[in-house]
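Participant: quick check, what structure comes out for this input:
(4 chains)
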4 protein chains.
Amino acid sequence: MKEELRLAPALQVSQWLNSRQAITLEQLRGKVVVLHAFQMLCPGCVSHGIPQALAVHRTFPQESVAVIGLHSVFEHHEAMTAVSLKAFIHEYKLSFPIAIDQAAAVGPVPLTMQAYGLRGTPSLVLIDKAGYVRLHHFGRVDDLQLGALIGQLLAEPASPAAVADIAQGQSQNGLICDAQGCPI
Amino acid sequence: MKEELRLAPALQVSQWLNSRQAITLEQLRGKVVVLHAFQMLCPGCVSHGIPQALAVHRTFPQESVAVIGLHSVFEHHEAMTAVSLKAFIHEYKLSFPIAIDQAAAVGPVPLTMQAYGLRGTPSLVLIDKAGYVRLHHFGRVDDLQLGALIGQLLAEPASPAAVADIAQGQSQNGLICDAQGCPI
Amino acid sequence: MKEELRLAPALQVSQWLNSRQAITLEQLRGKVVVLHAFQMLCPGCVSHGIPQALAVHRTFPQESVAVIGLHSVFEHHEAMTAVSLKAFIHEYKLSFPIAIDQAAAVGPVPLTMQAYGLRGTPSLVLIDKAGYVRLHHFGRVDDLQLGALIGQLLAEPASPAAVADIAQGQSQNGLICDAQGCPI
Amino acid sequence: MKEELRLAPALQVSQWLNSRQAITLEQLRGKVVVLHAFQMLCPGCVSHGIPQALAVHRTFPQESVAVIGLHSVFEHHEAMTAVSLKAFIHEYKLSFPIAIDQAAAVGPVPLTMQAYGLRGTPSLVLIDKAGYVRLHHFGRVDDLQLGALIGQLLAEPASPAAVADIAQGQSQNGLICDAQGCPI
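Facilitator: Predicted structure coming up:
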């Protein structure tokens, strides 16, 4: 049975850092979007996820690939405030736009994290040129694998209809990685 | 001005290891070929190039990506004989086919190395599904960059004519990395 | 001319974490003390200094070597509060006692940092069994070098008078590393 | 029961490289000797043991610590000849003296390897100033641990009789690491 692709849910953001204005996924249609969900005090994010997000930002031209950090705090909320995050961004020289995930009215998990069904941090979400979620991964992804996925998404046409066709086909054909691996 | 793509020259091989029979590039049409030129006593090959070749071999299915090692000895010939190479392959658990580059009648540089114009080891050559050389790099390539290139080549159609069109276009548009970087 | 060794200044601490009670250097006489000054949002501390302090804590028995973390915040004070530090300690599984360096009445540099004349974070201070400062280093120290220093200090007798003699002699003989290197 | 220390057996060497003349352990009395047994085609030697031996050579002054490489080939003999080893030493820029372990008349294990009872490569043997074997380890040793051992041995007096006393005592007191770890 064919798995349905779904359009990436809207980002729900209380504050944008490293960006003068709010960014919407609609504005990024035509680009491959690399959404990196992290917490500033998550060791795996600091040692692996964030350096990888910086490398993606450095390697690919911004006209083709948009890197967005998503600060999705679901524990130690009082320790990872906007004030602390700003110092973290400064010290780690993070250069890409970072969205603070909107806290929920009830419960510790913020709204964008809920909407995407993220299981923890670091998580990586790849969104194609037409706005569909094509990878959704909790934990570590190898650079080689991530590069291959971005390369494939870059090679797809920018027209939403064409992309959707390809994406459906590729999903059906198992062309794109999932949390279990990279069966290209 | 548009740079002409060239078909990958034939491999000139005195002996194949890890393969029961000789392999030709013609047989690999339809696959992306990752040609990794190395010398067994080259420190950069051992620390970086060979682990990367193994990672490519492990990450991508063999139906799509063919990894070929090319032992191109241009110095210390007496120290890197076939006997030594076989022990090296065994100890480092190299699993992909390895071609011993054919020694020249005159001079230290073997024939395939000459034909490709390789500047040293490690060198990486990427050949697309239609047999054209699309990357030619001496030294270290980041995993992220290499993954992106392989991903793009994988996304191209397998039909030689179509590929040649795309390849020419991409070369013109600066879509593919060269020794200076990765302006995808 | 012979450089005078000096007794390690007292720790001035607003709060102890990972310890039920305040620790004084006097209590640690007879042990080698490894004082690791850090800030929780200092990238070099997180990537190198803190893992090294954990390794020292794990490698040497606590009867011989005492590892003390010193959280010396001299910038982004509002981002590195005790609340944030507690979450950091929990997430990074820091197991050794950590002292929060007492803020100064005036100026950003806390009191212990001032007393030791630390130039920044990470900084490493080695105190011998008799309480004398034997190494004072800002930045990265190799594990091999640090191990050699701890090994030498461990080999010294525990009696304060004897240690002082040795220490004076060794300082004179250039046996112990300083910020410029390790001329053992 | 107290374990007897034993004097390091003589090196049995077919050829010295990186040294104009043969070196005997007797000549090195008064120094700490770090004997690094390796094979040039052993991956763990190349990735870990040899870089560590180079770091020891670079970190400690040669008046205090002598690093000796011991090429103990016990497999693939035809692949690791003196000719190949010389190219390896040149390519990896090994700067310390290297002894080729004398092949046995019968069997694959060379004579020094037999005399020391080495279990494989890489192996590390530490010999104190009086010529006693104080560490004997097959596999990987952490830099921190190795530094601590060298530091302790450096701190011992150079007089053979005194050293022997200390060594016996330390062995009894469990001060020195063995293959199981580092219970200083």
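Participant: would you confirm that A:V67 contacts A:A55?
Facilitator: No: between A:V67 and A:A55 there is no contact under CB atoms under 8 Å: 9.6 Å. Placement of C-beta: from N, CA and C, glycine included.
Participant: between those two, which is the more surrounded one?
Facilitator: A:V67 (24 against 18; other CB atoms under 10 Å in any protein chain shown).
Participant: next one, pLDDT for the residue most central in space within chain A please.
Facilitator: Taking CA atoms, centre = their mean, the centroid of chain A lies closest to A:L35, which sits 1.3 Å from it. If you check A:L35, the pLDDT there is 98.
Participant: convert the C-alpha atoms of stretch A:130-143 to CSV, please.
Facilitator: Extracted in CSV, the C-alpha atoms of stretch A:130-143 (Å, rounded to 0.1, in the frame of the first residue of the first chain):
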residue,chain,number,x,y,z
ALA,A,130,6.6,21.5,-3.1
GLY,A,131,6.3,21.5,0.6
TYR,A,132,6.0,17.8,1.3
VAL,A,133,7.7,16.1,4.3
ARG,A,134,10.2,13.6,2.8
LEU,A,135,12.3,12.6,5.8
HIS,A,136,11.5,12.6,9.4
HIS,A,137,14.3,11.3,11.6
PHE,A,138,14.9,11.3,15.3
GLY,A,139,18.6,10.9,16.2
ARG,A,140,21.7,10.8,14.1
VAL,A,141,21.8,10.8,10.3
ASP,A,142,25.1,10.3,8.5
ASP,A,143,26.4,13.2,6.4
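Participant: and that stretch, which residues are buried?
Facilitator: Within stretch A:130-143, the residues that count as buried by 16 or more other CB atoms under 10 Å in any protein chain shown are A:130-137, A:141-143.
Participant: show me those residues that map onto strands.
Facilitator: Counting by DSSP state E, these place A:133-137 in strands.
Participant: report how many residues lie close to A:P61.
Facilitator: For A:P61, the neighbour count with other CB under 10 Å is 10.
Participant: I misspoke; the intended subject was A:E4.
Facilitator: 8.
Participant: can I assume A:E156 is in contact with A:L126?
Facilitator: No: between A:E156 and A:L126 there is no contact under CB under 8 Å: 11.8 Å.
Participant: what about those two, which has more around it?
Facilitator: For A:E156 versus A:L126, the count of surrounding residues by other CB under 10 Å is larger for A:L126: 24 against 19.
Participant: what about the helices in chain A?
Facilitator: A:43-44, A:50-59, A:82-91, A:111-116, A:143-155, A:160-173 (DSSP state H).
Participant: stretch A:75-95 near chain C at all?
Facilitator: Yes: for stretch A:75-95 and chain C, the contact criterion (CB under 8 Å from any CB of the partner chain) is met by A:76, A:78-80, A:83-84, A:86-88, A:90-92.
Participant: what mean pLDDT does that stretch have?
Facilitator: 98.
Participant: what's the end-to-end length of that stretch?
Facilitator: This stretch, stretch A:75-95, spans 25 Å end to end (CA to CA, to the nearest Å).
Participant: so how far is it from its chain's centroid?
Facilitator: Relative to the chain's own centre, stretch A:75-95 is displaced by 18 Å; criterion: CA atoms, centre = their mean, to the nearest Å.
Participant: go through that stretch and flag the buried ones.
Facilitator: Going by 16+ other CB under 10 Å, stretch A:75-95 has these buried residues: A:75-76, A:79-81, A:84-89, A:91-92, A:94.
Participant: for stretch A:115-127, buried residues please.
Facilitator: A:116, A:118, A:120-127.
Participant: how about that stretch as PDB, C-alpha atoms only?
Facilitator: Extracted in PDB, the C-alpha atoms of stretch A:115-127 (Å, rounded to 0.1, in the frame of the first residue of the first chain):
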ATOM      1  CA  ALA A 115       2.200  19.000  14.800                       C
ATOM      2  CA  TYR A 116       5.200  17.100  13.200                       C
ATOM      3  CA  GLY A 117       5.000  14.300  15.700                       C
ATOM      4  CA  LEU A 118       8.700  14.600  16.600                       C
ATOM      5  CA  ARG A 119       9.900  12.000  19.100                       C
ATOM      6  CA  GLY A 120      12.700  14.100  20.700                       C
ATOM      7  CA  THR A 121      15.800  16.100  19.800                       C
ATOM      8  CA  PRO A 122      17.800  16.200  17.700                       C
ATOM      9  CA  SER A 123      15.200  15.600  14.900                       C
ATOM     10  CA  LEU A 124      15.700  16.300  11.300                       C
ATOM     11  CA  VAL A 125      12.900  17.000   8.800                       C
ATOM     12  CA  LEU A 126      13.400  17.400   5.100                       C
ATOM     13  CA  ILE A 127      10.800  19.200   3.100                       C
END
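Participant: are it and chain B in contact anywhere?
Facilitator: No: applying CB under 8 Å from any CB, one finds stretch A:115-127 out of contact with chain B, separated by at least 11.5 Å.
Participant: so that stretch, near chain C or not?
Facilitator: No: Stretch A:115-127 does not reach chain C (CB under 8 Å from any CB); its nearest approach is 10.8 Å.
Participant: and the contacts of that stretch?
Facilitator: Here stretch A:115-127 makes contact (CB atoms under 8 Å, 6 or more residues apart in numbering or on different chains) with A:8-10, A:12, A:25, A:28, A:32-39, A:42, A:44-45, A:48-50, A:72, A:74, A:133-141, A:146, A:149-150, A:153.
Participant: from the residues you listed, list the ones also adjacent to chain C.
Facilitator: Within these, those near chain C by CB under 8 Å from any CB are A:C42.
Participant: please convert the buried members of the contacts of stretch A:115-127 into PyMOL selection syntax.
Facilitator: To isolate in PyMOL the members of the contacts of stretch A:115-127 that are buried, counting by 16+ other CB under 10 Å, one can use:
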select buried, chain A and resi 8+12+25+28+32+33+34+35+36+37+38+39+42+44+45+49+50+72+74+133+134+135+136+137+141+146+149+150+153
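Participant: okay, now the nearest residue to A:K31 once chain neighbours are set aside: neighbour count?
Facilitator: Leaving aside its sequence neighbours, A:K31 sits nearest to A:A66 (CB to CB, 6 or more residues apart in numbering or on different chains; 4.8 Å). Using other CB under 10 Å, A:A66 is surrounded by 22 other residues.
Participant: low-confidence stretches in chain A?
Facilitator: Scanning chain A for pLDDT under 70 picks out the ranges A:1-3, A:159-184.
Participant: and of the buried residues of stretch A:115-127, the nearest to chain B?
Facilitator: A:L126 (11.5 Å; CB to the nearest CB).
Participant: can you list the residues of chain A near chain B?
Facilitator: Counting by CB under 8 Å from any CB, chain A sits next to chain B at A:52, A:55-56, A:59-61, A:64, A:142-156, A:182-184.
Participant: list the residues that contact the closest residue to A:V34 other than its chain neighbours.
Facilitator: Nearest residue to A:V34, sequence neighbours excluded (CB to CB, 6+ apart): A:V67, at 4.9 Å. The contact partners of A:V67, by CB under 8 Å, 6+ apart, come to A:34, A:36, A:53, A:56-57, A:96-97.
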